[in-house]
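Make a model of this:
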Amino acid sequence: GGTKGIYHLTAAGQTSWHGFTEAILDLSRSLPQCAERKLQRVLPIPSSEYPLPARRTPYSILSNQKLMNAFGLQLPDWNRSLQQVVASLA
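The predicted structure is shown next:
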C-alpha cells in the first residue's frame with residue numbers, strides 16, 4: 001500500500017513533439033550561435049504518417065497526479081524549464 005507503484009514524472013503542462021520542437025526553434029532564434037542560421041519551421045504530421053511499433057491513442061499524456069497526491073510534488077511547466085535551458089546556452 002501507501003506509496004508503492006509506478007509514478008510518471010514529467011514537467012507540468014502539455015505539448016506534442018511538434019509543439020516541443022517549435023518551442024525549441026523559437027527560443028533558439030535568440031541565441032547568438034544561431035543568429036546567422038535560417039531556422040526553418042517544422043511541419044506537423046499525423047501519427048498515422050509516423051508508424052511506431054506500439055499503437056497509440058490519438059491523445060495521450062502522462063499524468064503527474066499520482067505523484068502529486070502521494071508526495072505533494074508540483075513540477076514546473078515544461079516551457080519555463082525549456083526557456084531556462086536555452087538561456088543557460090546564451
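
Contacts for stretch 53-61 next, please.
Outside stretch 53-61, the residues that touch it by C-beta atoms under 8 Å, 6 or more residues apart in numbering are Q14, S47. Where you see a C-beta, it was placed from the backbone N, CA and C, and this is true even at glycine.

Name the spans of the protein whose pLDDT lies under the cut-off.
1, 35, 39 (pLDDT under 70).

now the helices for it?
In the chain, the helices defined using DSSP state H lie at 17-28, 65-71, 78-89.

So which bits of the last one are buried?
Read that as helix 78-89. For helix 78-89, burial by neighbour count (16 or more other C-beta atoms under 10 Å) applies to W78, N79, L82, V86.

Output these as TSV; include the columns distance to Q33.
Putting the buried residues of helix 78-89 into TSV (distance: C-beta to C-beta, whole Å) gives the following:
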residue	distance to Q33
W78	23
N79	21
L82	17
V86	11
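
quick check, nearest of those residues to Q65?
Distance to Q65, by C-beta to C-beta, is smallest for W78 among those, at 16.1 Å.

so that closest one makes contact with T10?
Yes. Here W78 reaches T10: they are 7.5 Å apart, a contact under C-beta atoms under 8 Å.

one step back: what's the closest of the helices of the chain to T3?
So among these, helix 65-71 is nearest, using C-beta to C-beta, at 4.9 Å.

Need the CA coordinates for the closest one. CSV is fine.
Output of helix 65-71 as CSV, limited to C-alpha atoms (Å, rounded to 0.1, in the frame of the first residue of the first chain):
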residue,chain,number,x,y,z
GLN,A,65,-1.4,13.4,-10.4
LYS,A,66,-0.5,10.3,-8.5
LEU,A,67,2.9,11.7,-7.7
MET,A,68,1.4,15.0,-6.6
ASN,A,69,-1.2,13.2,-4.4
ALA,A,70,1.4,10.9,-2.8
PHE,A,71,4.2,13.4,-2.3
